[in-house]
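Chemist: Here's my sequence, what's the structure:
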Amino acid sequence: MRVEAFDFDLPNERIALRPARPRDAARMLVVEGRAMRDMGVRDLPSLLRAGDCLVFNDTRVIPAQLEGRRGDAKIGATLHKRIDLRRWQAFVRNAKRLRAGERVDFGAGVAAVAEERLADGSFVLAFAGDEPVEVLLERAGTMPLPPYIAGKRPADAEDRRDYQTMFAREDGAVAAPTAALHFTPELLAALEAAGVRRETLTLHVGAGTFLPVKADDTDDHVMHAEWGRIEHDTAARLNAVRTSGGRLIAVGTTSLRLLESAAGEDGVIGPFAGDTSIFITPGYRFRAIDGLMTNFHLPRSTLFMLVSALMGLETMQAAYRHAIESDYRFYSYGDASLLLPG
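Modeler: Model (predicted):
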């Protein structure tokens, strides 16, 4: 499909720079089939059925944004994907001033050598010393806010809390699974009282999630890879939900992408551990999920393509027009949508 089909105009003032407080006070646009309703995140228990299961991503965002120097040159790096204990793939700003073999000093006793430049323009950074890289990042790194927020204000102490979900447990993400930012202990208690179950899996979200689609046709886009895991027992419980008539509702596109990667043609979810670069566009047949809770996404993005595949392009274009006209807040710190194909 032509990428321009997934374009839309978003007024700058619709981009949220801070989350709703409390988190579950956010608005939620419910799209069921082609019908739309303006609701709130706190309405979720009444919108789901007893026996349904929400599937969360328990990845934890690390302070993966680094600012350093190579000689007189300022070098910025956003870690994208772990390669091994001391090496990470990273997207580099001012990359024309950095060559393979050169060392970048990020301050606070943290330095890395640019081992090689990869075909996509990113670098492999090998960190010096013996301390775990996560310890180094706590000293020298900042939270990697999305560019549409970072371009308007710097990350601060509030983002250390705000840009982390209550499920965060497994270090490794450089972007938050933002749909889960809306959840609070009170909302989880209400969901449990309504008979709604929950499960967690792990997908370490990479910085590639913010990369624009530069190709003119979706067939020519190369999707970034991210590492994920679904435990054997978790997969068995997820399958049991559907066998008993419940629905699997992915909380966030990251959970959805991993579930679909782990499902066979028969819809049975298996254990999974490894990279996934699944790219979901209209025409894709969903196998593992029955619905999706997600925030509002960038125009021409792989994530808007994904929700269009789930609900239909015309339906999502209409939903986004309604959201813009109704002053919904967009992107990572914005409002939510609940998408139920029907």
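
Chemist: all contacts plus neighbour counts: C-alpha atoms, from now on.
Modeler: Noted.

Chemist: Pull out the buried positions in the helix or strand of the chain with the lowest mean pLDDT.
Modeler: The helix or strand of the chain with the poorest confidence is helix 147-150; it has a mean of 90 (mean pLDDT, DSSP states H and E). For helix 147-150, the neighbour count (16 or more other C-alpha atoms under 10 Å) marks 148, 149 as buried.

Chemist: Can you tell me what sits against that helix?
Modeler: With C-alpha atoms under 8 Å, 6 or more residues apart in numbering as the test, helix 147-150 has contacts from 15, 16, 17, 210.

Chemist: do the same with stretch 209-219
Modeler: Contacts to stretch 209-219, defined as C-alpha under 8 Å, 6+ apart, come from residues 1-4, 146-147, 175, 221, 224, 281, 300-302.

Chemist: For it, output the C-alpha coordinates as PDB.
Modeler: C-alpha atoms of stretch 209-219 as PDB (Å, rounded to 0.1, in the frame of the first residue of the first chain):
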ATOM      1  CA  THR A 209       9.600   2.600  17.100                       C
ATOM      2  CA  PHE A 210       9.900   6.400  16.400                       C
ATOM      3  CA  LEU A 211      11.600   6.100  13.100                       C
ATOM      4  CA  PRO A 212       9.600   7.500  10.200                       C
ATOM      5  CA  VAL A 213       8.600   5.300   7.300                       C
ATOM      6  CA  LYS A 214      10.700   6.700   4.500                       C
ATOM      7  CA  ALA A 215       9.600   4.300   1.700                       C
ATOM      8  CA  ASP A 216       6.700   5.300  -0.600                       C
ATOM      9  CA  ASP A 217       5.200   1.800  -0.400                       C
ATOM     10  CA  THR A 218       4.800  -0.300   2.700                       C
ATOM     11  CA  ASP A 219       6.300  -3.300   0.800                       C
END
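
Chemist: ok now it, how far from the chain's centre?
Modeler: On the basis of C-alpha atoms, centre = their mean, to the nearest Å, stretch 209-219 sits 16 Å off its chain's mean C-alpha point.

Chemist: Repeat that for stretch 290-302.
Modeler: That offset, for stretch 290-302, works out to 10 Å (C-alpha atoms, centre = their mean).

Chemist: distance between the ends of it?
Modeler: End-to-end distance of stretch 290-302 (C-alpha to C-alpha, to the nearest Å): 20 Å.

Chemist: What average pLDDT does it get?
Modeler: Across stretch 290-302, the average pLDDT comes to 96.

Chemist: Can you name the residues that contact residue 80?
Modeler: Going by C-alpha under 8 Å, 6+ apart, residue 80 touches 88, 89, 90, 91, 174, 206, 207, 208.

Chemist: Let me have those residues in TSV, adding distance to residue 132 and secondary structure as columns.
Modeler: Formatted as TSV, the contacts of residue 80 follow (distance: C-alpha to C-alpha, whole Å; DSSP: H, G, I helix; E, B strand; the rest coil):
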residue	distance to residue 132	secondary structure
88	12	strand
89	16	strand
90	17	strand
91	20	strand
174	16	coil
206	19	coil
207	20	helix
208	23	helix
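
Chemist: hang on, the earlier thing: just the buried ones from the contacts of stretch 209-219?
Modeler: The neighbour-count test (16+ other C-alpha under 10 Å) marks 3, 146, 175, 224, 281, 300, 301, 302 as buried among these.

Chemist: the strands in the stretch 1-150 of the chain, which residues?
Modeler: Along the stretch 1-150 of the chain, the stretches classed as strands by DSSP state E, counting those that start in this stretch are 27-32, 35-40, 53-57, 59-61, 65-70, 73-82, 87-93, 103-107, 110-117, 123-127.

Chemist: Of all these, which one comes closest to residue 324?
Modeler: Among the strands of the stretch 1-150 of the chain, the nearest to residue 324 by C-alpha to C-alpha is strand 27-32 (11.2 Å).

Chemist: list the contacts for the spatially most central residue of the chain?
Modeler: The centroid of the chain falls nearest to residue 177 when counting by C-alpha atoms, centre = their mean (4.0 Å). With contact set as C-alpha under 8 Å, 6+ apart, residue 177 has these partners: 57, 59, 165, 205, 252, 253, 254.

Chemist: Who are the contact partners of residue 223?
Modeler: Residue 223 touches 277, 278, 279, counting by C-alpha under 8 Å, 6+ apart.

Chemist: err, residue 18, not the other one
Modeler: So residue 18 contacts 333, 334 (C-alpha under 8 Å, 6+ apart).

Chemist: cool, residue 72 as well?
Modeler: Contacts of residue 72 by C-alpha under 8 Å, 6+ apart: none found.

Chemist: can you put the contacts of helix 147-150 in a markdown table and add neighbour count and pLDDT?
Modeler: Below are the contacts of helix 147-150 laid out as a markdown table (neighbours: other C-alpha atoms under 10 Å; pLDDT from 0 to 100):
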| residue | neighbour count | pLDDT |
| --- | --- | --- |
| 15 | 18 | 96 |
| 16 | 18 | 97 |
| 17 | 18 | 97 |
| 210 | 15 | 70 |
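
Chemist: separation between residue 87 and residue 107?
Modeler: Counting by C-alpha to C-alpha, the gap from residue 87 to residue 107 is 18 Å.

Chemist: and these two? which has more neighbours close in?
Modeler: Neighbours around residue 87 and residue 107, counted as other C-alpha atoms under 10 Å, are more numerous at residue 87. The numbers are 20 against 14.
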